[in-house]
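Colleague: Any chance you can model this:
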Amino acid sequence: MDDDINIRPFDYNDIGRVYDFKSPLVEGEYFALELTDTIPSGSVPVVDEDSGMCIGYLYGISGVYDVYDATGEYLGKYELPLVSPLIDPLDIILLGGWFVKNGAKLTTLLKGGGTSLVKAGTIKLTDHLISLLRGRLKIGLSPRTLKFTPKAASHMAEAERYVPITIIEKAIRYGQRGIDTKGRSALILKRYIIKIKKYRYSSKIKNLNGKNINEVKEYTLEVVVDEKTWTVTHFMYK
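Modeller: Sure thing, here's the model as predicted:
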């Protein structure tokens, strides 16, 4: 990817800032980390719509589920509180995975592609579990808050460029080291490359059993960062 990048427009001299990004991805799209442990076939993702990131997986029946973090590590069992006992949460989950919506006291789960079935029995996860899953995304990463130059930050509003901050941090921590870039101020910036996966739940594509499935595409993400100030100056995947 080195030959595809024009470094001249990079705003190296701009001061990095901390941003509160919200995912601009269309409904049903999300990113997920590579699994380092095996999860049961049929496990479904818990996707944080604010970040467009899979934060964990659920597997089970009748409202009691095994919980796995975003890398597939088993965390324990969890019972989903149901407002109505007439509907099995798994029936809704199998329609497209869970998408986390922020609520006042509880985090409400809505299936991708619509909310009609959810209205028949509201499914909720406690803030404790959601906080646990989100917190585990930071394991092994720097405690510092990643900053972005204004130009790099502007791309986070574009659905075709957006990448969750967690994945950008993973690229910096675990990605392949690329060729360093020299900015206009002679500052040496580090370049990292990592493979990423982007998922899209499709209501049109079905497997041999007639169930909807997730489309998955693999991309190569490149991140350019000033490690002294922990500021991202450029990122792009293709």
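Colleague: Lys77 sits in which helix or strand?
Modeller: Using DSSP states H and E, Lys77 sits in strand 74-79.
Colleague: what pLDDT, on average, does the lengthiest strand in the chain get?
Modeller: When every strand of the chain is counted residue by residue (DSSP state E), the longest turns out to be strand 188-206. Taken as a whole, strand 188-206 has a mean pLDDT of 82.
Colleague: Counting by contacts, list what it packs against.
Modeller: strand 29-32, helix 165-174, strand 176-177, strand 181-182, strand 212-226 (3 or more C-beta pairs under 8 Å, 6 or more residues apart in numbering; DSSP states H and E). Heads up, the C-betas are built off the backbone N, CA and C, glycines and all.
Colleague: Other residues contacting the second one?
Modeller: Applying C-beta atoms under 8 Å, 6 or more residues apart in numbering, the external contacts of helix 165-174 come out as 21, 31, 33, 51, 53, 137-138, 140-142, 146, 190, 192-194, 196, 221-223, 225, 227, 232, 235.
Colleague: Could you check it and say which residues are buried?
Modeller: Ile165, Thr166, Ile167, Ile168, Glu169, Lys170, Ala171, Ile172 (16 or more other C-beta atoms under 10 Å).
Colleague: picking up where we left off before, return the longest strand of the chain as CSV; C-alpha atoms alone will do.
Modeller: Below are the C-alpha coordinates for strand 188-206, written out as CSV (Å, rounded to 0.1, in the frame of the first residue of the first chain):
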residue,chain,number,x,y,z
ILE,A,188,9.2,10.7,11.8
LEU,A,189,5.8,9.1,11.8
LYS,A,190,5.3,5.3,12.2
ARG,A,191,3.3,3.3,9.8
TYR,A,192,1.5,0.1,10.6
ILE,A,193,-0.5,-2.4,8.5
ILE,A,194,-3.0,-5.0,9.7
LYS,A,195,-5.7,-7.2,8.2
ILE,A,196,-9.2,-6.4,9.3
LYS,A,197,-12.7,-7.8,8.7
LYS,A,198,-15.9,-5.9,8.0
TYR,A,199,-19.3,-7.7,8.3
ARG,A,200,-22.6,-6.9,6.8
TYR,A,201,-25.8,-8.6,7.8
SER,A,202,-27.9,-9.1,4.7
SER,A,203,-31.6,-9.8,4.8
LYS,A,204,-31.4,-11.1,1.2
ILE,A,205,-28.6,-13.6,1.4
LYS,A,206,-29.5,-17.0,2.9
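Colleague: This protein: strands as residue ranges?
Modeller: Going by DSSP E, the chain shows strands at 29-32, 44-48, 53-61, 64-69, 74-79, 98-101, 106-111, 124-126, 147-148, 176-177, 181-182, 188-206, 212-226, 231-237.
Colleague: on that earlier part again, of the contacts of helix 165-174, grab the buried ones for PyMOL.
Modeller: Of the contacts of helix 165-174, the buried ones go into a single PyMOL selection, burial set by 16+ other C-beta under 10 Å:
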select buried, resi 21+31+33+51+53+137+146+190+192+193+194+196+221+222+223+225+232+235
